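Q: Sequence and predicted structure are below.
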Amino acid sequence: MRAEDLPLVRAWRNHPAVRQHMFTTHEITAEEHAQWFQRQQADATRRLYLFERDGRPQGFMHLSGVQLGGVCEWGFYAAPDAPRGTGRAMGAATLAELFTVEQVHKICGQVLQGNAASMRFHETLGFRPEGVLHQQHCSTDGRHLDVHCYGLLAADWRASQTG
């Protein structure tokens, strides 16, 4: 992701269909988004990817804690108008990058209660449920939501690629 991608990624992030599944659901301002981008650039363990298919941007992937043999976390969203299957393609490409190029040991993801599509997405890609943080997140409407934790080990991913 480059600085010139910020308006597009911000528009996706602020779309109601994307925003409703985020840990922070307010509309992100241009200034807030630019400051976030600067902080990400200063951290050598962070990666920001714009996923493109057929030369067209279709999704965003945010990775933190990326280091050789380490455990990293991911967050992502497809463009609201992305074709069906974009998330799976984006996820598969990111897993390949992290496990083969970056050589991380494990990838973790968190999903808010009620986001069944993201839970299925993680499980389809081979992630295992690792627990639930009960009433961990307070939503903007004051509800306390569970956070579902998922993990995928490099060895398990490699095994799934060969057989």
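A: Sure, I can see it.
Q: Look up which helix or strand Asp146 falls in, please.
A: For Asp146, the element it lies in under DSSP states H and E is strand 144-153.
Q: Next: Phe60.
A: Taking DSSP H and E as the criterion, Phe60 maps to strand 56-64.
Q: Counting by contacts, list what that strand packs against.
A: Contacts defined by 3 or more C-beta pairs under 8 Å, 6 or more residues apart in numbering; DSSP states H and E place strand 56-64 against helix 6-14, strand 47-53, strand 71-78, helix 86-96. Bear in mind the C-beta positions are built from the backbone N, C-alpha and C, glycine included.
Q: Recalculate using a threshold of 10 Å.
A: helix 6-14, helix 30-41, strand 47-53, strand 71-78, helix 86-96 (3 or more C-beta pairs under 10 Å, 6 or more residues apart in numbering; DSSP states H and E).
Q: Direction included, what does the shortest one pair against?
A: Counting by DSSP bridges, the strands paired with strand 47-53 are strand 56-64 (antiparallel).
Q: And the contacts of stretch 129-147?
A: Where contact means C-beta atoms under 10 Å, 6 or more residues apart in numbering, the residues beyond stretch 129-147 that reach it are 20, 23-26, 108-115, 119, 122-123, 148-152.
Q: for the nearest residue to Gln103 once chain neighbours are set aside, what are its contacts?
A: Nearest non-adjacent residue to Gln103, counting by C-beta to C-beta, 6 or more residues apart in numbering: Leu68, 5.2 Å away. By C-beta under 10 Å, 6+ apart, the contact list for Leu68 reads 102-105.
Q: Can you lay out the residues you listed as TSV showing distance to Asp43 and secondary structure?
A: Shown next, in TSV, are the contacts of Leu68 (distance: C-beta to C-beta, whole Å; DSSP: H, G, I helix; E, B strand; the rest coil):
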residue	distance to Asp43	secondary structure
Glu102	14	coil
Gln103	19	coil
Val104	15	coil
His105	19	coil
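Q: Pull out the buried members of the residues you listed.
A: Buried by 16 or more other C-beta atoms under 10 Å: 102, 104, out of the contacts of Leu68.
Q: Now do the buried residues in the helix or strand of the chain with the lowest mean pLDDT.
A: Of all helical and strand segments in the chain, the minimum by mean pLDDT, DSSP states H and E falls on helix 16-19, at a mean of 84. Neighbour counts over helix 16-19 (16+ other C-beta under 10 Å) mark 18-19 as buried.
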